[in-house]
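[1] Let me see the structure of the following:
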Amino acid sequence: MLLVGLLLTLLGAPAPASAQVPEPAPPTAPTAPEEVGRTPGVEDASSLTVTLEDAESGLSRTVTLVLLLTVAAIAPILLLLMTTFTRFVVVLSLVRNGLGLQTVPPAQVLLGLAVFLTLFAMGPTLSQVNEVALQPLLAGEVDAMAAAEAGYEPFRDFMLAQTRESDLRMFTEMAGQQAPANASEVGPTTLIPAFVISELRTAFTIGFVIFVPFLIIDLVVAAVLMSLGMVMLPPVFVSLPLKLLLFVLVDGWALIARSLVSSVMG
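    Numbering: from 1, shown residues only. Below is the predicted model:
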């Protein structure tokens, strides 16, 4: 019985009936009429209040996160379509093909060079966007929509300066619209594709000028090998070192970078 009582004590259970001494119950006070039916230990329902937390802050954070994800998703498209990145990456790719190199320099290097050349060439435009749109938005002076409209203005001016009138007129006619009276009436759905078409035309023009010397070297090497009777020797084995040597001697990458930036800023 001692072991049983100790175990019950450790478990917090009441002791056996034989070990308990009954005590007289204290007299109970009369129950008030209004307390009849009230559950002991439970607060009266009339004193309970329900408080709803303001979900505006959580909603604002959710909307902000969605907007940031949306901007991060469309940023590459804006980089491709509203800047000179298209021109730069096309010309650099044509230079690599003109040299006869398929994987050198790697595509990552060409893309990175095109990105930084784009940032350098569009420095004035990006600085203007930062002044009129980004800084006021961060300071809380304007909302997101007003900042987007103000930030589009420098890009529109830049694209209009680089877009041919014939391309802009073509897309305006295909849209069934009248010719705009001023630059502010040109919509982005008309201006952006016209700008991209103009950039591709300019890029292929520059690439053709760069490609011609490499083509001449290939033709001369092929003609010399044919006249020497070395028909079994592929001309690329001889022309490739000559093109690389010529490209290095004239500092080709610097000339191309200077020409690309000058075609935008000059």
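
[2] any idea how far residue 218 lies from residue 225?
    Applying CB to CB, to the nearest Å, the value for residue 218 to residue 225 is 11 Å. Backbone N, C-alpha and C define where each C-beta goes, glycine included.

[3] Identify the contacts common to those two.
    Counting by CB atoms under 8 Å, 6 or more residues apart in numbering, the contacts common to residue 218 and residue 225 are residue 235.

[4] List the buried residues for the strand or helix carrying residue 204?
    Assigned by DSSP states H and E, residue 204 falls within helix 188-227. For helix 188-227, a neighbour-count test (16 or more other CB atoms under 10 Å) marks 190-199, 202-203, 206-207, 210-211, 214, 217-218, 221, 225 as buried.

[5] same thing with stretch 143-162?
    Going by 16+ other CB under 10 Å, stretch 143-162 has these buried residues: 147, 150, 151, 154, 155, 156, 158, 159, 162.

[6] Quick one: name whatever helix or strand follows the helix or strand of the chain with the lowest mean pLDDT.
    Of all the helices and strands that make up the chain, the one with the lowest confidence by mean pLDDT, DSSP states H and E is helix 2-11; it has a mean of 38. Helices and strands here follow DSSP H and E; after helix 2-11, the next one along the chain is helix 56-81.

[7] Any stretches of the stretch 101-250 of the chain with poor pLDDT?
    Scanning the stretch 101-250 of the chain for pLDDT under 70 picks out the ranges 183.

[8] Which secondary structure element is home to the nearest residue to residue 132 once chain neighbours are set aside?
    Counting by CB to CB, 6 or more residues apart in numbering, the nearest residue to residue 132 once its immediate chain neighbours are dropped is residue 150, at 4.7 Å. Secondary structure assignment for residue 150, by DSSP H and E: helix 144-162.

[9] which residues are contacting that helix?
    Helix 144-162 is contacted by residues 67, 82, 84, 122, 125, 128-129, 132-134, 136-137, 142, 183, 186, 188, 191-192, 195, 198-199, 202, 264 when judged by CB under 8 Å, 6+ apart.

[10] do the same with stretch 72-92
    Stretch 72-92 is contacted from outside by 110-111, 113-115, 117-118, 121-122, 155, 159, 162, 192, 195-196, 199-200, 202-204, 206-207, 210, 256, 260, 263-264, using CB under 8 Å, 6+ apart.

[11] What sits closest to residue 264 if chain neighbours are left out?
    Distance criterion CB to CB, 6+ apart; nearest residue to residue 264, sequence neighbours excluded, is residue 121 at 4.3 Å.
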